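> Show me how the following folds:
(chains A and B)
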Amino acid sequence: MGDFCIETRGLDLFYGDFQALTAVDLQVPAREVTALIGPSGCGKSTLLRVFNRMNDLIDGVRVAGKVLVDNEDIYAPDADLLRLREKVGMVFQRPNPFPLSVYENIAFGLSVHRLAGRREYGMVVEQALRDVLLWDDLKDKLHKSALSLSLEQQQRLCIARVLPLKPQVLLMDEPCSALDPIATLHIEDLMRKLKSDYTIVIVTHNMQQAARASDRAGFMYLGKLIEFDETAKIFTQPRQELTENYISGRFG
Amino acid sequence: MSSKRLRKLKEWWIEKAILLSGIFSVVFVLLIFLFLLREGFSLFRGESVADFLFGKSWYPISDPPRFGILPLILGSLLVTLGAAAISVPIGLAAALFIAEIAPGRLKEGLKAGIELLAAIPSVVIGFIGMITLGPWIKNLFHIPTGLTALTGSVTLAFMAMPTIVSIAEDAITAVPRQYREAAVAMGATKWQTTWRIVARAARPGMVAAVMLGIGRVIGETMAVMMVTGNAATIPHSILQPVRTLTATIAAEMGESVQGGAHYAALFAIGIVLFVITFLINGVADLYLHRSRR
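Below you'll find the predicted structure:
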């Protein structure tokens, strides 16, 4: 298995009777940005939410096949969900900081997982904000409500608050779709910076974003992973006709 | 062309009608307050405000009459605080349970039950308090009468509960899903998510729920009159009979001579109640606005 951080084998997922994912075999290498692209409803977000088992919140979800994160079977009967979600952080489509202060947003993860003593919180908060390049902007606003920040700052804060958990993986579900183009580029820069420490999986419907920001890309269609390769190959010489039709804008 | 003008005219009328009803509701409140002031103020020609508010005895029909409402204020305060101490923790916990934990069928059942509780007339609740709760408290504490401040507190707690539960439950349910998702995705347990994120996010609504519940308790008259024993003395314990501001007005208004000092004193009590309610609402409002910022 070697360097793969996330691996799925024959993954099927059902919402009730509806099969949302079919026989997905995927190998996500560590410390790279992997993008999942495809038309709406193709299952890319569903696949992303398999990796931290957020699909469990939906009634009637059934999963078959194997999913390994860091070589652990996360659907094993004795899997520790809280530990999994500590290891696999998630950033959502709409920035969703808690309606608390900037400081409390970051301290929440620390206290939930008892990762540090109260006295170290200040340092950890500072480091997390530095990592997402927010410290200079927010160092005097640590006790302001996170909801008073700009959307871009909110999304950065949402990234910052999972970093103190020292996750191995960052899942990003269309993290820029609520942001303007400039902010989008800033977040992409941040992803490039973060990938030296984290494995990043991003779902995006923006093909330029996938081309710009990812090292590897997977094209999904109707619940199947059609093609998975280096991003450059997917965008210049795809092997599948479906992929080529999609990236050249013929459907989707 | 006339249809366009007709539409405009209609818009104009609707706008004005809504404006008018808005103005009316404010004007009515002002008129009520003015009426209270006019009827109540004549008392202060013969009585100082301090003697009225802090006087220790309420003997409105003795000669000379004494209009000190301190016992009534303390009675209201005691009953209200007791009712709040019972209904706030239970009410908020019930709201959290209904909104976050109870599964579908149970949730619907509980919500219907709470609404039913709100629909019981206060005289019925007072009656039940009088014939079941009163004797029970009397026997439990070995006291001469079961009609005490505690009886009033428990009875009123039942009346505040539906307000607190339903408004707090609305506030909790209105907390966006995305906050819960974010907390769960960070590895928080159900309880950590509920207590530290959802309850915090819903706090303004929960404060409003508590304030409105307390507002209902202070204003409640019939049930409290039936179960508190109606003794206008300064209470030294929650196991003594007390009399509240509201019960005094209701009990004595019929016997007072219109335009007399007693009559004016009852209206002055009305002013005090009005001010208290106004303050409670003001505090709730302030809190709501502050936390929204």
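
> Next, residue A:217: phi, psi?
phi -140, psi 140 (degrees, to the nearest 10).

> show me what contacts it?
A:34-37, A:210, A:228-231, A:234-235 (Cβ atoms under 8 Å, 6 or more residues apart in numbering or on different chains). Quick note: C-beta positions are derived from backbone N, CA and C, even for glycine.

> Output the below-cut-off pLDDT ranges for chain B.
B:1, B:288, B:290-293 (pLDDT under 70).

> Try it again at 80.
Scanning chain B for pLDDT under 80 picks out the ranges B:1-2, B:284, B:286-293.

> quick revisit: show the buried residues in the contacts of residue A:217.
A:34-37, A:210, A:228-229, A:231, A:234-235 (16 or more other Cβ atoms under 10 Å in any protein chain shown).

> And the residues you listed, which is closest to chain B?
residue A:36 (17.4 Å; Cβ to the nearest Cβ).

> what are the ranges of the strands in the chain?
I'll assume chain A. Using DSSP state E, the strands of chain A run over residues A:4-15, A:18-29, A:33-37, A:61-69, A:72-73, A:88-91, A:169-173, A:199-203, A:216-221, A:224-230.

> my bad, chain B
Going by DSSP E, chain B shows strands at B:58-59, B:66-67.

> Quick check: closest non-adjacent residue to residue A:153.
Spatial nearest neighbour of residue A:153, chain neighbours left out: residue A:134 (6.3 Å); criterion: Cβ to Cβ, 6 or more residues apart in numbering or on different chains.

> Confirm for me that that neighbour is in contact with residue A:157.
Yes - taking Cβ atoms under 8 Å as the definition, residue A:134 is a contact partner of residue A:157 at 6.6 Å.

> Get me the contact residues on the stretch 1-150 of chain A for chain B.
By Cβ under 8 Å from any Cβ of the partner chain, the residues of the stretch 1-150 of chain A that approach chain B are A:52, A:54, A:57, A:81-86, A:89-90, A:92, A:94, A:96-100, A:108-109, A:112-113, A:145.

> Selection in PyMOL covering whichever of the residues you listed are buried, please.
This is how PyMOL selects the buried members of the residues of the stretch 1-150 of chain A next to chain B, with burial counted by 16+ other Cβ under 10 Å:
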select buried, chain A and resi 52+54+84+85+86+89+90+92+94+96+97+98+99+100+108+109+112+113+145
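
> Filter the residues of the stretch 1-150 of chain A next to chain B down to the ones in helices?
A:81-86, A:108-109, A:112 (DSSP state H).

> Output those as CSV; include the columns distance to residue A:72 and pLDDT.
Output for these, formatted as CSV (distance: Cβ to Cβ, whole Å; pLDDT from 0 to 100):
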residue, distance to residue A:72, pLDDT
A:81, 12, 92
A:82, 14, 93
A:83, 9, 93
A:84, 8, 94
A:85, 13, 95
A:86, 13, 94
A:108, 25, 94
A:109, 21, 93
A:112, 21, 92
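
> what about residue A:172, distance to residue A:104?
23 Å (Cβ to Cβ, to the nearest Å).

> count of residues packed around the residue nearest to residue B:284 when sequence neighbours are not counted?
Of all residues not flanking residue B:284 in the chain, residue B:211 sits nearest, at 3.6 Å (Cβ to Cβ, 6+ apart). Using other Cβ atoms under 10 Å in any protein chain shown, residue B:211 is surrounded by 21 other residues.

> Can you verify my assumption that residue B:211 contacts residue B:280?
Yes - using Cβ under 8 Å, residue B:211 is in contact with residue B:280, at 5.6 Å.

> need the contact list for the nearest residue in space to residue B:67 that is not next to it in sequence.
Once flanking residues are discounted, residue B:67 sits nearest to residue B:265: 4.4 Å by Cβ to Cβ, 6+ apart. Neighbour list for residue B:265: B:40, B:43, B:47, B:52, B:60, B:67, B:69 [criterion: Cβ under 8 Å, 6+ apart].

> tally of neighbours for residue A:208?
Neighbour number of residue A:208 under other Cβ under 10 Å is 11.

> roughly how far apart are it and chain B?
Using Cβ to the nearest Cβ, to the nearest Å, one gets 26 Å for the distance from residue A:208 to chain B.

> Same check on residue A:27?
Counting by Cβ to the nearest Cβ - residue A:27 and chain B are separated by 23 Å.

> pLDDT value on that residue, please?
Looking at residue A:27, its pLDDT reads 94.

> Check the one 3 residues further on too.
The model reports residue A:30 with a pLDDT of 92.

> mind listing what the residue lying closest to residue A:218 once chain neighbours are set aside touches?
Spatial nearest neighbour of residue A:218, excluding adjacent residues (Cβ to Cβ, 6+ apart): residue A:228 at 4.1 Å. Listed by Cβ under 8 Å, 6+ apart, the contact set of residue A:228 reads A:26-27, A:216-219.

> Would you check which pair of these lies furthest apart?
A:27 and A:219 (15.1 Å; Cβ to Cβ).

> Which one of those two is surrounded by more residues?
residue A:219 (28 against 18).

> Who does that one form a beta bridge with?
For residue A:219, the beta-bridge partners under DSSP bridges are residue A:37, residue A:227.

> my read: it touches residue A:226, true?
Yes - between residue A:219 and residue A:226 there is a contact at 4.9 Å, judged by Cβ under 8 Å.

> Common neighbours of those two, please.
Shared contacts of residue A:219 and residue A:226 (Cβ under 8 Å, 6+ apart): A:38, A:240, A:242-243.

> ok, so of those residues, who is nearest residue B:82?
Distances from residue B:82 to these, taken by Cβ to Cβ, are shortest for residue A:38, at 62.2 Å.

> Could I get the pLDDT score of residue A:193?
Looking at residue A:193, its pLDDT is 92.

> Kindly report the same for the one 4 residues further on.
pLDDT recorded at residue A:197 is 92.

> about what we covered before: taking the contacts of residue B:265 together, which two end up most distant?
The widest separation within these (Cβ to Cβ) is 13.8 Å, between B:40 and B:60.

> Okay, the nearest residue to residue A:21 once chain neighbours are set aside and residue A:19: tell me how far apart.
In space, residue A:21 comes closest to residue A:13 once its chain neighbours are excluded; the distance is 4.0 Å by Cβ to Cβ, 6+ apart. Noted for residue A:13: a distance of 7 Å to residue A:19, by Cβ to Cβ.

> Now do the phi/psi pair for the closest residue to chain B within the stretch 151-252 of chain A.
At 6.4 Å from chain B, residue A:162 is the closest residue in the stretch 151-252 of chain A, using Cβ to the nearest Cβ. Dihedral pair for residue A:162: phi -90, psi -20, per degrees, to the nearest 10.

> Contacts only, for it.
So residue A:162 contacts A:89-91, A:109, A:170, B:186 (Cβ under 8 Å, 6+ apart).

> Over to residue A:74?
For residue A:74, the contacting residues are A:51, A:53, A:67-68, A:84, by Cβ under 8 Å, 6+ apart.

> Show me which residues of chain B sit near chain A.
Taking Cβ under 8 Å from any Cβ as the contact definition, chain B meets chain A at B:176, B:178-179, B:181-189, B:192, B:196-197, B:200-201, B:293.

> With adjacent residues omitted, what lies nearest to the residue nearest in space to the middle of chain A?
Per Cα atoms, centre = their mean, the C-alpha nearest to the average position across chain A is that of residue A:171, at 1.3 Å. In space, residue A:171 comes closest to residue A:90 once its chain neighbours are excluded; the distance is 4.5 Å by Cβ to Cβ, 6+ apart.

> And for residue A:245?
Looking at residue A:245 with Cβ to Cβ, 6+ apart, the closest residue is residue A:251, at 6.0 Å.
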